[in-house]
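>>> prediction below, plus the sequence it came from.
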Amino acid sequence: MALDRQRIVAEAVALLDAEGLDGVTTRKLAARLGVQSPTLYWHVPNKAALVTAIADAILDQEFGDMAPPAPDQPWPQWLSDLAVRLRRALLAHPDGARVVSAAQLSVTMSAISELAMSSLVNQGIPLRRARVIVLTVERFTVGHVLEEQAPRPDAEALKGFDMDAFTARHPTSIAAITDYFQPGRTVDDLFQDCLDVVIEGATAKAGPPDEQGG
């Protein structure tokens, strides 16, 4: 099979799925493709370009189709749905949030931002405010998933950890976690609840429709 950029990126995504971002090296990728590392540079000039290509591939799987809000759809709900899709795209691959946050000039992420900002502007949000709202929602989403995908403490890290003492020092935090995660409530609910706070804050800051143009 001929070696081209599409095949290289597809194999890089497969390597990411198998070994995480730290395992994505040009040496390993070349070995999977049955070529020498320098051959890759004809198609992907360096590791940064490879990471960006992987980011675009990850996002394209979820955002193959993008559309502005329907005429009767308020922008807060549309933007919330967009953030849910972004989180889903990042969670679909190990270290997805690390990949997207490390990408340089991602074409697909830029397209998502352009659509989101223009959609808000078209609904009367001033351009500067639209940019701040979209960046806040995007960065909240990526940051949230970065934490979700961060390694959990291993046995070595937990050696000597005293849960009772920790609970005594942080009673409100432990009570809040226990109260929140009642049966049936998941991390998806947590993301949505946190996102709602962000969106509601943005909506309040934007002001009523008759004040948004000022």
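Here it is on my side, so go on.
>>> can you report how many residues lie near His43?
His43: 16 surrounding residues under other CB atoms under 10 Å. Any C-beta I mention is one placed from the backbone N, CA and C, and that applies to glycine too.
>>> which outside residues touch the helix or strand bottoming out on mean pLDDT in the chain?
Counting by mean pLDDT, DSSP states H and E, the weakest-scoring helix or strand in the chain turns out to be helix 37-40, with a mean of 87. Contacts with helix 37-40, where a contact means CB atoms under 8 Å, 6 or more residues apart in numbering, come from Leu3, Ile8, Thr26, Arg27, Leu29, Ala30, Leu33, Leu50.
>>> hmm, which of these are the buried ones?
Ile8, Thr26, Leu29, Ala30, Leu33, Leu50 (16 or more other CB atoms under 10 Å).
>>> and the two most separated of those?
Maximum pairwise distance among the buried ones among the contacts of helix 37-40 (CB to CB): 12.3 Å, between Leu33 and Leu50.
>>> the residue most central in space within the chain: helix or strand, and which one exactly?
With the centre of the chain defined as its mean C-alpha position, the nearest residue by CA atoms, centre = their mean is Val142, 3.6 Å away. Val142 belongs to helix 127-149 when assigned by DSSP states H and E.
>>> thought Cys194 was touching Thr141?
No: in this structure Cys194 lies outside contact range of Thr141 using CB atoms under 8 Å: 9.7 Å.
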